[in-house]
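Asker: how does the following fold in three dimensions:
(one chain, ligands or ions: 2)
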Amino acid sequence: MAGSDAMTAADQLIATTPVTHRVNLLGLTRQQLETFFTDLGEKRFRAQQVMKWIHHRGVRDFEEMTDLSQSLRTQLGNIAEIIPPSIAEQHDSQDGTRKWAIAVEGGSLVEAVLIPEGDRATLCVSSQVGCSLDCTFCSTGKQGFQRDLTAAEIIGQVWLAINSYDAWQSGKGRVVTNVVMMGMGEPLLNFDNVVSAMSLMCDDLAYGLSKRKVTLSTSGVVPNLDRLAEWADVSLAVSLHAPNDALRDQIVPINRKYPIARLLASAKAYLDAQPDKKRVVTIEYTLLAGVNDSVEQARELSTLLNDYPCKINLIPFNDFPNSGYRRPSGNAVSRFWQVLTDAGFVVTVRTTRGDDIDAACGQLVGEVVDRTRRAERHRAGRGDHSLLESS
Ligand code: SAH
Ligand code: SF4
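Answerer: Numbering: from 1, shown residues only. Ligands and ions are numbered 1, 2, ... in the order given. Okay, the predicted model is just below:
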């Protein structure tokens, strides 16, 4: 200990050299932080100490990290920082749902939503600013793609959510018990940063969530799904939304590149690579009135998924201005659910939460950023009205 307290000439140089680019330690995985400290000539366990300060106690000021020597604290203050993104807006729903518009560097906004439910609280996290995949019913898709979030900006959403409840200070129980990568963006198109952030979500020195309680949702970036098992073992959700390629080609354009059969095979291979053989893929199916919600389509879906290791989550469409789609009636949702349930599937229907604060995917940011003109251009360019006319 005493040895590492003494400042070497190199340490002094680092400590006194003005720095322009500090390393943001918030987004570094355990391994990356260990490398950071060994590169400084410090012991690896410094990483563990610092991770606990950041992720267990919400501390950002190195001076508060009292189990580090004063010289190391000073050095860290000169070369590193702990910077979460900042909260632009916070909305609380009457049902306990809390939603944030989060400002990231460059002035863009992303969103995160915390949905408490009994003894669970699920945080929905964004992975990109906007999205390039252009699913026709998605408000994030209509905003176009701006940039990937950094690992610090992704894990920072968890950090901010916990911090917003003063949980660290009050020693209250866990604010976040589950994380779903179902906010803005396509997580598999921001592979490295998402993998790093998910590793922190599951690391005991950070948020310690079980891998079953962290879910990556993808619309089907198959090449990256093919390599996901090498890097992560979290739960997987696949955004299917259609029982055949003809319809999916229209509403989830990436299907034209990676059709349903390839996507389902890739998701199955991901499961097969996991040691836990009881795991299943969650099939997400957003119900759009007159587009994909008929009894015939429910039967077709049931045939498609026959013998496939999955459960099905039906999501009644969340409307937004100029969407061009409608949410099906409660009866239509029930009929669809019944066909699948009768066929033996485990089927859940996502209940709408936080309706009074627009806590659905991609919607709060839409209020902050005027995207109406973009949405109009988008629809004029794509001509997706054919879908609506058939309704
Ligand atoms: N890009 C990823 C994750 C983010 S979207 C993906 O597509 O899976 C999370 C889920 O919300 C996806 O299943 C998506 O299709 C669905 N979704 C997007 N917009 C929606 C809307 N307006 N109403 C209901 N579900 C929507
Ligand atoms: Fe992107 Fe997912 Fe929205 Fe499709 S549904 S545009 S993949 S965020």
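Asker: can you list the residues of the chain near ligand 2?
Answerer: For the chain, the contact set with ligand 2 under Cβ under 6 Å from any ligand atom comprises 131, 133-135, 138, 140-141, 185-186, 219, 239. The way it works is simple: take the backbone N, C-alpha and C, and place the C-beta from them, glycine included.
Asker: and for the nearest residue in space to Ala151 that is not next to it in sequence, the neighbour number?
Answerer: Closest residue to Ala151 apart from its sequence neighbours, by Cβ to Cβ, 6 or more residues apart in numbering: Gly27 at 3.4 Å. When neighbours are counted by other Cβ atoms under 10 Å, Gly27 registers 24.
Asker: so Gly27 touches Ala197, yeah?
Answerer: Yes: under the criterion of Cβ atoms under 8 Å, Gly27 makes contact with Ala197 at 7.0 Å.
Asker: which residues are in contact with each of the two?
Answerer: 151, 154-155 (Cβ atoms under 8 Å, 6 or more residues apart in numbering).
Asker: by neighbours, which of those wins?
Answerer: That'd be Ile154 among the shared contacts of Gly27 and Ala197, by other Cβ under 10 Å, with 32 neighbours.
Asker: list the buried residues in stretch 325-339.
Answerer: Within stretch 325-339, the residues that count as buried by 16 or more other Cβ atoms under 10 Å are 325, 327-328, 332-333, 336-337, 339.
Asker: and of these, the nearest to ligand 2?
Answerer: Each of the buried residues of stretch 325-339 was checked against ligand 2 using Cβ to the nearest ligand atom; the closest is Tyr325, at 12.6 Å.
Asker: number of residues surrounding the closest residue to Ile83 other than its chain neighbours?
Answerer: Computed as Cβ to Cβ, 6+ apart, the closest residue to Ile83 that is not its neighbour in sequence is Asn24, at 5.1 Å. For Asn24, the neighbour count with other Cβ under 10 Å is 17.
Asker: so what's Asn24 bridging to?
Answerer: Legend: beta-bridge partners of Asn24 under DSSP bridges are Glu81.
Asker: list the buried ones in stretch 214-227?
Answerer: 214-222, 224-226.
Asker: can I get these in CSV including secondary structure and pLDDT?
Answerer: Below are the buried residues of stretch 214-227 laid out as CSV (DSSP: H, G, I helix; E, B strand; the rest coil; pLDDT from 0 to 100):
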residue, secondary structure, pLDDT
Val214, strand, 98
Thr215, strand, 97
Leu216, strand, 98
Ser217, strand, 97
Thr218, strand, 98
Ser219, coil, 98
Gly220, coil, 98
Val221, coil, 98
Val222, helix, 98
Asn224, helix, 98
Leu225, helix, 98
Asp226, helix, 98
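Asker: how many other residues sit next to the residue nearest to Ile54 when sequence neighbours are not counted?
Answerer: Nearest non-adjacent residue to Ile54, counting by Cβ to Cβ, 6+ apart: Ile82, 5.6 Å away. Ile82 has 22 neighbours, counted by other Cβ under 10 Å.
Asker: please apply the same query to Leu287.
Answerer: Around Leu287 there are 24 residues (other Cβ under 10 Å).
Asker: what residues are up against it?
Answerer: Contacts of Leu287 by Cβ under 8 Å, 6+ apart are 293, 314-317, 327-328, 332-333, 336.
Asker: quick check: phi and psi at the nearest residue to Pro84 once chain neighbours are set aside.
Answerer: Using Cβ to Cβ, 6+ apart and skipping residues adjacent in sequence, the residue nearest Pro84 is Gly156, 3.9 Å away. Backbone torsions of Gly156, given as degrees, to the nearest 10, read phi -60, psi -30.
Asker: buried ones in stretch 116-136?
Answerer: Under 16+ other Cβ under 10 Å, the buried positions of stretch 116-136 are 116, 121-131, 133-136.
Asker: please apply the same query to stretch 303-316.
Answerer: Applying 16+ other Cβ under 10 Å to stretch 303-316 flags 304-305, 310, 312-316 as buried.
Asker: hang on, the earlier thing: in strands, which of the buried residues of stretch 325-339 fall?
Answerer: Among the buried residues of stretch 325-339, none falls in strands (DSSP state E).
Asker: the residue nearest to Pro84 and Thr29: what is the separation?
Answerer: 14 Å (Cβ to Cβ, to the nearest Å).
Asker: those two: which is more packed in?
Answerer: Using other Cβ under 10 Å, the more surrounded residue of Gly156 and Thr29 is Gly156, with 26 against 21.
Asker: next, the contact list for the more buried one, please.
Answerer: Shown in contact with Gly156 (Cβ under 8 Å, 6+ apart): 26-27, 83-85, 102.
Asker: now for these, which pair is the farthest apart?
Answerer: Gly27 and Ile102 (14.3 Å; Cβ to Cβ).
Asker: ok, and what's touching the lengthiest strand in the chain?
Answerer: The strand spanning the most residues in the chain, taking DSSP E as the definition, is strand 109-117. Under the criterion Cβ under 8 Å, 6+ apart, residues 85, 88, 96-104, 121-126, 128-129, 149, 153, 157, 160-161, 175-176, 183-185, 353-354, 359, 362-365, 368-369 lie in contact with strand 109-117.
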